[in-house]
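Participant: Build me a model:
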Amino acid sequence: MPPEQDKQNRFLAAYAKVHEGFMRYCSALSFARMDTEDLVQDVLLSAYNKFDALDEPEKLQHYLVRAARNRSVSLKRKRARTQVRGIEGNSELSDTHRAKLAAKGASPEQLADVEILYKAIHRLPDAQRDAILLYEISGYPQVEIAELLDCSVPAVKMLLQRGRKRLRRLLTDPGHRLSDLLTTAKSITL
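Facilitator: Below is the predicted model of the structure:
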């Protein structure tokens, strides 16, 4: 088997194990910032090019999440600079996000709930936002989140606790219960 074909097979096998959680994370992370597919393609291309350099191919998930987070931070900084110049960014679900969620059977009410939730999540400090997205939306265990965020499991628990508390304050409408919104978002986001 040619070396490039072998690399591709190893990469695809490693990626298949983390695909669903990674896609959920990217979908939530890219909300109102960029197209999810663009983010995923950028990160996967980078990961594939550096796959042979990874010490442990099992750490692909860590690379993917960190690369997606870094790409999102870069985009956030770029957007902040353009907003300073008077160019406003979009803070609503994109047509692509709406179409994907609707294709999964999301009702208009669920789309509105997800939009409200994501707006609130993206107002959290970065570490809290990442912990909430990785745990509540993407379904990663706290031990893996600790590795991904380079912190301890108790620190992850604290980030989640503080993030949930802040989200509850941000979601001032009594009709928006945080647990219900998170369950809705997790069920239809991918």
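
Participant: check contacts around the most centrally placed residue in the chain.
Facilitator: The chain has residue 25 as the residue nearest its centroid, 2.6 Å off, counting by CA atoms, centre = their mean. Applying CB atoms under 8 Å, 6 or more residues apart in numbering, we find residue 25 in contact with 65, 68, 133-134, 137-138, 140. Glycine gets a C-beta too; all of them are placed from N, C-alpha and C.

Participant: got these as CSV, with neighbour count and secondary structure columns?
Facilitator: Formatted as CSV, the contacts of residue 25 follow (neighbours: other CB atoms under 10 Å; DSSP: H, G, I helix; E, B strand; the rest coil):
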residue, neighbour count, secondary structure
65, 27, helix
68, 25, helix
133, 29, helix
134, 27, helix
137, 23, helix
138, 26, coil
140, 24, coil
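
Participant: Just say helix, strand or coil for residue 31.
Facilitator: Of the three states, residue 31 takes coil under DSSP: H, G, I helix; E, B strand; the rest coil.

Participant: Tell me where the chain has strands.
Facilitator: Under the criterion DSSP state E, the chain carries no strands.

Participant: low-confidence ranges in the protein?
Facilitator: 32-34, 76, 78-97, 173-176, 188-190 (pLDDT under 70).

Participant: Ignoring the adjacent residues along the chain, who's closest to residue 181?
Facilitator: Residue nearest to residue 181 in three dimensions, not counting chain neighbours: residue 117, with 4.3 Å by CB to CB, 6 or more residues apart in numbering.

Participant: Report the contact partners of the one you found.
Facilitator: Residue 117 makes contacts with 167, 171, 176, 181-182, 184-185, as judged by CB under 8 Å, 6+ apart.

Participant: which one of the residues you listed is nearest residue 108?
Facilitator: Set against residue 108, the nearest of these by CB to CB is residue 184 (12.5 Å).

Participant: quick one: the closest one and residue 178, what's the gap?
Facilitator: Between residue 184 and residue 178 the computed distance is 11 Å (CB to CB, to the nearest Å).

Participant: Kindly report the same for residue 77.
Facilitator: 28 Å.

Participant: Of those two, which one has the most company?
Facilitator: Shown here are residue 77 and residue 178; by other CB atoms under 10 Å, residue 178 has more neighbours (17 against 10).

Participant: wait, what's in contact with the more buried one?
Facilitator: 164, 167-168, 171.

Participant: wait, what's in contact with the residue lying closest to residue 18 once chain neighbours are set aside?
Facilitator: Counting by CB to CB, 6+ apart, the nearest residue to residue 18 once its immediate chain neighbours are dropped is residue 61, at 4.1 Å. Residue 61 makes contact with 17-18, 21-22, 144, 148, according to CB under 8 Å, 6+ apart.
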